[in-house]
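**Student:** need a 3D model of the sequence below.
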Amino acid sequence: MSDFPKDIFTEPANVDPDTLRNLGPLRRLAGIWEGMKGKDVHPGPDAEPERRRDYLERIELQPLDPQTNGPQLFYGLYYVIWARKPDAPETYHHQIGYFLWEPATQTVIQTLAIPRAQIAMASGTAAADATSFTLNATRGALTYGICSTPFLEHAFRTDSYEITVTLNPDGTWSYDETTLLNVRGRPEPFRHTDRNTLHKVAEPTPNPLMRR
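**Tutor:** You can find the predicted model right below:
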């Protein structure tokens, strides 16, 4: 038995076009950010089963126009992430996706895709004025799940993903991610972690036609 209305086609009336005003806990994430002190812990071969890496990062989070699914209404940000090692110019991690806020249910959703051919959708609940929220995705779930290629399922199966975002008093924000990997041949799951603190370098750019 779902909590959804019988009318699945009628869209909300009087949708506010000002996304930035309606982002709830995502409002302070809007903009362009850089982080210089990223910390990554990832699996390696048997001779070095745990590897650590520092990284630099740039994240752009730009406002979307309001999105509807029949009676549902989302406000959100589309994002792109570039991460590189401090001593190398090439991007070693690239990620795109959306952060979405559904005011009616106080739900935050993150979608992500990486060019290792993997996608995920994580969710959690938060108050509109929350300064921290946690989102989760689980392999095998029909909603808020994880989908990978056959090789990743074989060699580095991702069983779960969790991210905690914290809005800091100084205007920065931080994230702490844990991806639980089942590495082929290893008896225990590996906790792949990433964390960084981001400083704003530019303001967001809303759709000027919608604002007008």
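
**Student:** just checking, residue 206 is part of a helix?
**Tutor:** No. With the criterion set as DSSP: H, G, I helix; E, B strand; the rest coil, the secondary structure at residue 206 is coil rather than a helix.

**Student:** change the start of the numbering to 480 and stick with it
**Tutor:** Taking 480 as the first residue, the last one we looked at is residue 685.

**Student:** so who does the closest residue to it other than its chain neighbours touch?
**Tutor:** Nearest residue to residue 685 in three dimensions, chain neighbours excluded: residue 542, at 4.8 Å (C-beta to C-beta, 6 or more residues apart in numbering). Heads up, the C-betas are built off the backbone N, CA and C, glycines and all. Contact criterion C-beta atoms under 8 Å, 6 or more residues apart in numbering gives 498, 499, 502, 509, 554, 555, 556, 683, 684, 685, 686 as the residues in contact with residue 542.

**Student:** how near is residue 542 to residue 581?
**Tutor:** 15 Å (C-beta to C-beta, to the nearest Å).

**Student:** would you list every one of the strands in this structure?
**Tutor:** In the chain, the strands defined using DSSP state E lie at 510-522, 529-542, 546-548, 551-563, 572-581, 586-593, 597-604, 611-617, 625-627, 635-646, 652-662, 669-681.

**Student:** out of the ones you listed, which gets nearest to residue 483?
**Tutor:** Put simply, out of those the one that sits nearest residue 483 is strand 551-563, at 8.7 Å, with distance taken as C-beta to C-beta.

**Student:** ok, the closest one: who's next to it in the sheet?
**Tutor:** Its sheet considered, strand 551-563 pairs with strand 529-542 (antiparallel), strand 546-548 (antiparallel), strand 572-581 (antiparallel) by DSSP bridges.

**Student:** you'd agree residue 681 is up against residue 511?
**Tutor:** Yes. Applying C-beta atoms under 8 Å, one finds residue 681 in contact with residue 511, separated by 3.9 Å.

**Student:** more crowded one of these two?
**Tutor:** residue 511 (16 against 10; other C-beta atoms under 10 Å).

**Student:** show me what contacts that one?
**Tutor:** With contacts defined as C-beta under 8 Å, 6+ apart, the neighbours of residue 511 are 537, 538, 539, 540, 679, 680, 681, 682, 683.

**Student:** was I right to think the second one contacts residue 562?
**Tutor:** No. Taking contacts as C-beta under 8 Å, residue 538 lies outside contact range of residue 562: 9.0 Å.

**Student:** find the residue at the geometric middle of the chain.
**Tutor:** For the chain, the residue nearest the mean C-alpha position is residue 589 (4.3 Å; C-alpha atoms, centre = their mean).
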